[in-house]
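Student: the sequence and its predicted three-dimensional model are supplied below.
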Amino acid sequence: MINTIFHPANQRGHANHGWLNAHHSFSFASYFDKHKMNFGALRVLNDDEVAPGMGFGTHPHDNMEIITIPLEGDISHRDSMGNEATINAGYIQVMSAGTGVQHSEFNPNKDKFLKLLQIWIMPNEQNVTPRYGDIKLPETTDNNWLKLVSPAQQFKEGDSGTWIHQNAWLHMGNFDTDKTISYQLNDAANGVYVFVIEGSATIENQNLGKRDALGIWNTNNFDIKTTQASKILLIEVPM
């Protein structure tokens, strides 16, 4: 029997530090909810807005797959591996923290906010060699899924997006009103965390609005019916 869990946007953790306005889908920093520690291997989904000229100072990570999706504005990255890059919407950034890495992320613009999603997925290999990569995504095709991330062992040259050390897939798409979109899981043992970035949709008789989420597992596939023009992110992870 299919299982679902609904996470409404207005019940996420929230911290406004002035320079950073953050919403947390799962327990993070000072926000703790024992019922929202993770969804399978998905540990963090932060919805961040960073003020002009501000950002996250140098800090460490290890043994985590960290995926950053800019939604608006620019984000500048610097790390202890010697990487420096600035990306914007239309790119995706992935860092395998592995044995340990230090990095900083900031908004280089003085006149506009940076809006981004940061996702942490627990890896299936510990203490790998740290890596950083960013890639410009193909133009999103309306009413179709665009693959952002796939498992390292299945990623091949010519695939869209990039890879991580986990049996996980990320897809994103822009969909018109009143579209029914199917999703077939890559691994039936996985679950999918559906996050509505913009718009509204219905899944398994559950209505979702902007920034609402629905976790789904114990199924091979499911349908999403949009009720407005929508941008939707799917995070398929081991449960």
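Tutor: Received it, and whenever you're ready, just let me know what you need. Worth saying up front: this structure is predicted, and the values here are computed from it rather than measured.
Student: any regions of the chain where pLDDT drops low?
Tutor: Scanning the chain for pLDDT under 70 picks out the ranges 140-141.
Student: counting neighbours, what do you get for residue 35?
Tutor: Close neighbours of residue 35, defined as other Cβ atoms under 10 Å, add up to 8. In short, each C-beta sits where N, CA and C put it, glycine included.
Student: try residue 16
Tutor: Here the number of neighbours of residue 16 (other Cβ under 10 Å) works out to 10.
Student: leaving out chain neighbours, which residue sits closest to it?
Tutor: In space, residue 16 comes closest to residue 22 once its chain neighbours are excluded; the distance is 7.6 Å by Cβ to Cβ, 6 or more residues apart in numbering.
Student: please apply the same query to residue 24.
Tutor: For residue 24, ignoring the flanking residues on the chain, the nearest one in space by Cβ to Cβ, 6+ apart is residue 13 at 3.6 Å.
Student: go on, residue 69?
Tutor: Distance criterion Cβ to Cβ, 6+ apart; nearest residue to residue 69, sequence neighbours excluded, is residue 117 at 4.5 Å.
Student: and for residue 42?
Tutor: In space, residue 42 comes closest to residue 237 once its chain neighbours are excluded; the distance is 4.8 Å by Cβ to Cβ, 6+ apart.
Student: so what strands line up beside the helix or strand containing that neighbour?
Tutor: Residue 237 belongs to strand 230-238 when elements are defined using DSSP states H and E. Each strand that strand 230-238 pairs with, and the sense of that pairing, follows from DSSP bridges: strand 169-175 (antiparallel), strand 190-198 (antiparallel).
Student: residues contacting the residue nearest to residue 69?
Tutor: The contact partners of residue 117, taken as Cβ atoms under 8 Å, 6 or more residues apart in numbering, are 45-48, 68-69, 71, 195, 197, 233.
Student: now with 7 Å, please.
Tutor: Residues in contact with residue 117 (Cβ atoms under 7 Å, 6 or more residues apart in numbering) are 45, 47, 69, 71.
Student: and for residue 124?
Tutor: Applying Cβ under 7 Å, 6+ apart, the residues contacting residue 124 are 165-167.
Student: for residue 139, see how far away the closest residue to residue 230 other than its chain neighbours is.
Tutor: Nearest residue to residue 230 in three dimensions, chain neighbours excluded: residue 199, at 2.8 Å (Cβ to Cβ, 6+ apart). Here the criterion is Cβ to Cβ, to the nearest Å. By it, residue 199 lies 19 Å from residue 139.
Student: which one of these two has more residues nearby?
Tutor: Neighbours of residue 199 and residue 139, each counted by other Cβ under 10 Å, are more numerous for residue 199; the result is 19 against 8.
Student: near residue 153, how many other residues are there?
Tutor: For residue 153, the neighbour count with other Cβ under 10 Å is 10.
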